[in-house]
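**Q** quick check, what structure comes out for this input:
(2 chains)
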Number of protein chains: 2
Amino acid sequence: MQVWRINTRTQEWTREPVPSTWEKLGGRGLVARILLDRMNPQAHPLGPGNLLILAPGLLVGHRLSSCDRISFGGKSPLTWGVKESNAGGRTGWALAALGIKALILEDQPSEPGWWVLHLSRQGVRFDPADDLVGLEAQPAADRLMARYGDHIALAVIGPAGERLWPTAGIQNLDQDGVASRIAARGGLGAVMGSKRVKAIVIDPEGAEMPPLADPTAFRQARKTYTQALMAHPQTRTYADYGTAAMVLFCNRLGGLPTRNFSSGQFEAAEAISGERLRELLLARPKAEPSHACMAGCAIRCSNVMTDSAGRLLVSPLEYETIAMMGSNLGLDDLDAIAQLNAVANQLGVDTIEIGVTLGVAAEGGLWSFGEAREAQRLMDEMRRGTLVGRLLGQGAVTVGRVLGVQRVPAVKGQSMPAYDPRAIKGTGVTYATSPQGADHTAGNTIRAKVDHLDPKVQAALSKKAQIAMAAYDTLGVCIFAGFGFAKVPETIPALLQARYGWNVPEDVFQRLGRETLRLERAFNRAAGFTPAHDRIPEWMTREPLPPLGAVFDVPEEDLDTLFDDLEPEPW
Amino acid sequence: MQVWRINTRTQEWTREPVPSTWEKLGGRGLVARILLDRMNPQAHPLGPGNLLILAPGLLVGHRLSSCDRISFGGKSPLTWGVKESNAGGRTGWALAALGIKALILEDQPSEPGWWVLHLSRQGVRFDPADDLVGLEAQPAADRLMARYGDHIALAVIGPAGERLWPTAGIQNLDQDGVASRIAARGGLGAVMGSKRVKAIVIDPEGAEMPPLADPTAFRQARKTYTQALMAHPQTRTYADYGTAAMVLFCNRLGGLPTRNFSSGQFEAAEAISGERLRELLLARPKAEPSHACMAGCAIRCSNVMTDSAGRLLVSPLEYETIAMMGSNLGLDDLDAIAQLNAVANQLGVDTIEIGVTLGVAAEGGLWSFGEAREAQRLMDEMRRGTLVGRLLGQGAVTVGRVLGVQRVPAVKGQSMPAYDPRAIKGTGVTYATSPQGADHTAGNTIRAKVDHLDPKVQAALSKKAQIAMAAYDTLGVCIFAGFGFAKVPETIPALLQARYGWNVPEDVFQRLGRETLRLERAFNRAAGFTPAHDRIPEWMTREPLPPLGAVFDVPEEDLDTLFDDLEPEPW
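**A** Sure, this is the predicted structure:
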């Protein structure tokens, strides 16, 4: 495999061998390694010193179920720290098929103009993109597919990324050409916009799956893993209800963010539940309650939501969006939520960040909780790029400042997703200490069989989850594939060994996770982060969350010492 | 002397002896000591954990020329670091006369309602202030003087402080009852607002000057100092032109911020010069080109500016305001600048921060440089508290984010004053490394006889200036009094010894400065600051400043090692 480097100012590009210290990393871990090696951590995230990195995980390229994820990375314009955000869809596979271990976009243009980067076996081409500027995500993707063919993979930004909003993500295509698989968190869409790249087109024409050192062993390990995954009861739940199964689960635990985190239970939780969503999708023309975002996925947690006339609304409607744009806004109507989600997708923004932002805006008096039309009006302000829209596009922390709202649920500048850290305290430890900022995918503990309110047991739980997630993100493995791998952990070293021919240690999973976190923390330290930034907002340590009445009370010492022993052994 | 502590939630108050480690500090140094000793540096600056401190300097209370300054302090809602902001006027003297070494406001009310704190020899009284809420600074001060007498000293906030804007200052009265002496920088007005204190009234009725251990020695040292100050040529310049003499001086050095720091020379500098201002003031009815802000001041750098009908506009119009609301906004009319200044005074905001904010807003397309009426319209938006006004009230960094402007001249969240750090690089080192954020009063090097463009000599220069300013701010001594003390440095230990009867070391000035900086840096470190925050914005290291073409190129190593040897010896 190779590293492809593209200078967006000079439009020069190179294909280079993979440095030896990068070889045994992929995805999230490789992002951190590259950021540490190749940029000044103090650089402005929207200036020429930042990098935009695309790196498939170590296991990407083989249509392993739920293992073809693509990591996007750079310094976050939202947190100003290390950022990796990954997604399903086609892009991971296509890059791996072209033999690209990492794609690195450097510098930024000094002249006006927007570009499409076209990647193929022939190399890199800069195509003018001025006719694409201003297009929303799906129209842009449609035009690109019309121009370059339906078989391409994409990374594309909407207007939010063009406008350099730190809430902007990068979208890629699912199996059906829907630009819905978004690397949403932390504003990497703005980093792409700052390099004036509207889209990266990856044409895998003529490319092949990456070579295997031991095809037989690979097939064997794959079979063991897939069987374990298919046999797991959770796989069935996700196929039936998608992530929306979490609505009632989290509500029962008193951790469902409601009206800007002022309650952990929503009186209308049933109306936005996974069960209700499934009924609705089964009744709608062209809707699908279960859908795969990547070729070969056995879980199919995704869904396709249409309106009553069968027109596509969103694909998928996810739990985090239902919570942040539903209960968190006092909205109890799945159609209204899906409509907010649809606008967010077209703008190319993170629904979690924007959901929290709208919650803070309601608390600040900009609109009223529960009024779907007002929420839609604010989304339209964002769409039109009015001053109010531009303000909302900055995310919850900035909106909280301007409106004088102290009750902002964010860590390191990034909004909390759909698990109140006072009720699910292990996830709270993750929010506080993850180098990524508040992020459930960095280590959610909600499924652990513990008392989620007991402050004493949470640190160890979060640490374990964070190491595991850092490892999965480095492998390119979907969070839900973990249900399978957890049953047959020996398949991970087996797959790596069969793929690469390395001598892979049994505990490679632990090592990958620890190494990734160590690198990320080193980057953040150099960027100016300290233990003072590893904190849940003060008001959550003071304000009890109804109805459980819990505050976030995990000792600060637990947070400060969590990763004291990360040093991994090399392998 | 005593420490007066007031709990703004319980309305309990105490008069306590001064802890021994606080005794030999005052003003800025004492603020830092108290913040470190009595609050969690990670507390939210607008939450109950912050303190608002008023501390007269060590030499305050004796009508020494230019030595009765009052320090306000707390954790800054603008920088989220240590903050001290001092002012002339009556308040320092009045507190010292009541024997108050430090006034500490703790916690914040849990019930609605606003309060006046009334301090007198009888102690502390909470008077309802609901009729004062919403009043601008001068109307509020006028009503307070009508209620409590013309002889009172005050600390009062305008609407900006009530609205918790991080650009809000705290105003006190000059000799004439004008609420113009503002502790402007860093948002301490918002800290006062967060404790729902509209005003602190200090009634010195029956109080006396603090006792002197050796009155004869004190009188002798005072005489030597005053003579040295009066004999200094700079004293004459300030009496004639006020700080506005700096306009042409800084313009000649190519460091006069013009149109959001895009040039260091302003084509219309003559029109806003000190010379022009003096002519104008001499011609206006009731205007005064020279005016004292404190009783007994021999420098009289202040002025009184009226309109052509003799109505008071502002008192004074200062260089920093002329630059930040004049050349920095492309405005060449002193009356237009004074009108912007007047609105800022009524709102109770920092003219430096708001001047820079309007410059960033112009660059972001919100209005056009040079259009005074548009600038006035935006000030009116702030006055009315519209959404645009609330946005502007957050300061330049937030406005830059929302408008997508990267060219924001700020350090640690605080805007740069009227000396471009690319042309006056020593002052740039101060901006970068001062624990206060960008602040010329923390150590301006513009008067040093050096090549201000040579990056090699600036660190030592800034360090010396920062230590000196930290010492003056701890003594309660005006920056301009330094011209006198520099000629007769032995008068500083002499005055302290005669005042307090301590055995004062000869190098007390150095020790006070170093100790103050050491304490402030310790607070900031605990609050989460690192060397990564001691930086001039990246774009200023890249973008040459016309017409000199200089960038900020003082080596980062110089910045990082500047204060490595601060440890003072105790005395």
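
**Q** all contacts plus neighbour counts: C-alpha atoms, from now on.
**A** Noted.

**Q** and the pLDDT at the closest residue to residue A:71 other than its chain neighbours?
**A** Leaving aside its chain neighbours, residue A:71 sits nearest to residue A:86 (4.2 Å; criterion: Cα to Cα, 6 or more residues apart in numbering or on different chains). On the pLDDT scale, residue A:86 is placed at 97.

**Q** swap in residue A:208?
**A** So, for residue A:208, pLDDT stands at 86.

**Q** same question, residue A:483
**A** Here, the pLDDT recorded for residue A:483 equals 89.

**Q** quick one: contacts for it?
**A** A:229, A:232, A:234, A:235 (Cα atoms under 8 Å, 6 or more residues apart in numbering or on different chains).

**Q** which pair in those residues has the greatest spatial separation?
**A** Using Cα to Cα, those span at most 8.8 Å, a distance reached by A:229 and A:234.

**Q** on that earlier part again, quick one: what helix or strand has the residue nearest to residue A:71 in it?
**A** Per DSSP states H and E: residue A:86 is located in strand A:82-87.

**Q** which helix or strand contains the residue in the stretch 251-400 of chain A positioned nearest to chain B?
**A** Residue nearest to chain B within the stretch 251-400 of chain A: residue A:391 (5.4 Å; Cα to the nearest Cα). Residue A:391 belongs to helix A:387-392 when assigned by DSSP H and E.

**Q** may I see the buried residues of that helix?
**A** A:387, A:388, A:389, A:390, A:391, A:392 (16 or more other Cα atoms under 10 Å in any protein chain shown).

**Q** returning to what we had before: turn the contacts of residue A:483 into JSON lines, columns for secondary structure.
**A** Output for the contacts of residue A:483, formatted as JSON lines (DSSP: H, G, I helix; E, B strand; the rest coil):
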{"residue": "A:229", "secondary structure": "helix"}
{"residue": "A:232", "secondary structure": "coil"}
{"residue": "A:234", "secondary structure": "helix"}
{"residue": "A:235", "secondary structure": "helix"}
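
**Q** in the stretch 101-250 of chain A, where is pLDDT below threshold?
**A** Along the stretch 101-250 of chain A, no part satisfies pLDDT under 70.

**Q** burial count for residue A:396?
**A** Neighbour count of residue A:396, defined by other Cα atoms under 10 Å in any protein chain shown: 30.

**Q** and it, what does it touch?
**A** Residue A:396 neighbours (Cα under 8 Å, 6+ apart): A:353, A:354, A:356, A:357, A:358, A:360, A:408, A:410, A:414, A:415.

**Q** from those residues, which ones fall inside strands?
**A** A:410, A:414, A:415 (DSSP state E).

**Q** ok, the last one touching residue A:356?
**A** In this case it means residue A:415. Yes: using Cα atoms under 8 Å, residue A:415 is in contact with residue A:356, at 6.4 Å.

**Q** can you give the contact residues for the helix or strand bottoming out on mean pLDDT in chain A?
**A** None of the helices or strands of chain A scores lower by mean pLDDT, DSSP states H and E than helix A:233-241, at a mean of 87. For helix A:233-241, contacts defined as Cα under 8 Å, 6+ apart pick out A:229-230, A:245, A:274-275, A:277-278, A:289-291, A:299-302, A:480, A:483.

**Q** same deal with stretch A:330-346?
**A** A:136-138, A:158, A:180, A:258-259, A:266, A:268-269, A:271-272, A:277, A:305, A:307, A:313-314, A:317, A:321-322, A:325-326, A:350-351, A:354, A:369-372, A:375-376, A:379-380, A:383.

**Q** go with 7 Å
**A** A:136-138, A:158, A:180, A:258-259, A:268, A:271-272, A:313-314, A:317, A:322, A:325-326, A:351, A:369-370, A:372, A:376, A:379 (Cα atoms under 7 Å, 6 or more residues apart in numbering or on different chains).

**Q** which elements pack onto the strand or helix carrying residue A:280?
**A** Counting by DSSP H and E, the element that carries residue A:280 is helix A:274-283. When contacts are defined as 3 or more Cα pairs under 7 Å, 6 or more residues apart in numbering or on different chains; DSSP states H and E, helix A:274-283 packs onto helix A:233-241, strand A:288-291.

**Q** hmm, back to that, contacting residues around the following helix or strand past the least confident helix or strand of chain A?
**A** Following helix A:233-241 in sequence order, the next helix or strand is helix A:246-252 (DSSP H and E). The contact list for helix A:246-252 (Cα under 7 Å, 6+ apart) reads A:256, A:264, A:265, A:266, A:269, A:273, A:274, A:319.

**Q** if we use 6 Å, what do you get?
**A** A:256, A:265, A:273 (Cα atoms under 6 Å, 6 or more residues apart in numbering or on different chains).

**Q** how about stretch A:291-300?
**A** Outside stretch A:291-300, the residues that reach it (Cα under 6 Å, 6+ apart) are A:63, A:65, A:66, A:88, A:89, A:174, A:235, A:239, A:290, A:302, A:303.

**Q** make CSV from the residues you listed and add neighbour count to it.
**A** Output for the contacts of stretch A:291-300, formatted as CSV (neighbours: other Cα atoms under 10 Å in any protein chain shown):
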residue, neighbour count
A:63, 16
A:65, 23
A:66, 26
A:88, 29
A:89, 29
A:174, 23
A:235, 21
A:239, 19
A:290, 20
A:302, 24
A:303, 26
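
**Q** which stretches of the stretch 1-150 of chain A form strands?
**A** A:2-7, A:13-17, A:52-56, A:70-75, A:82-87, A:100-106, A:115-120, A:123-128 (DSSP state E, counting those that start in this stretch).

**Q** how distant is the fifth one from the center of its chain?
**A** When you say that, I think you mean strand A:82-87. Distance of strand A:82-87 from the chain centroid (Cα atoms, centre = their mean, to the nearest Å) equals 6 Å.

**Q** picking that back up, neighbour count for residue A:415 and residue A:356, which is higher?
**A** residue A:356 (31 against 27).

**Q** give the contact list for residue A:458.
**A** residue A:426.

**Q** what angle separates the least confident helix or strand of chain A from helix A:274-283?
**A** 50 degrees (axes from the mean of the first three to the mean of the last three Cα atoms, to 10 degrees).

**Q** how about the residues of the stretch 351-500 of chain A near chain B?
**A** By Cα under 6 Å from any Cα of the partner chain, the residues of the stretch 351-500 of chain A that approach chain B are A:390, A:391, A:402.

**Q** skipping its backbone neighbours, what lies nearest the last one in space?
**A** For residue A:402, ignoring the flanking residues on the chain, the nearest one in space by Cα to Cα, 6+ apart is residue B:391 at 5.4 Å.
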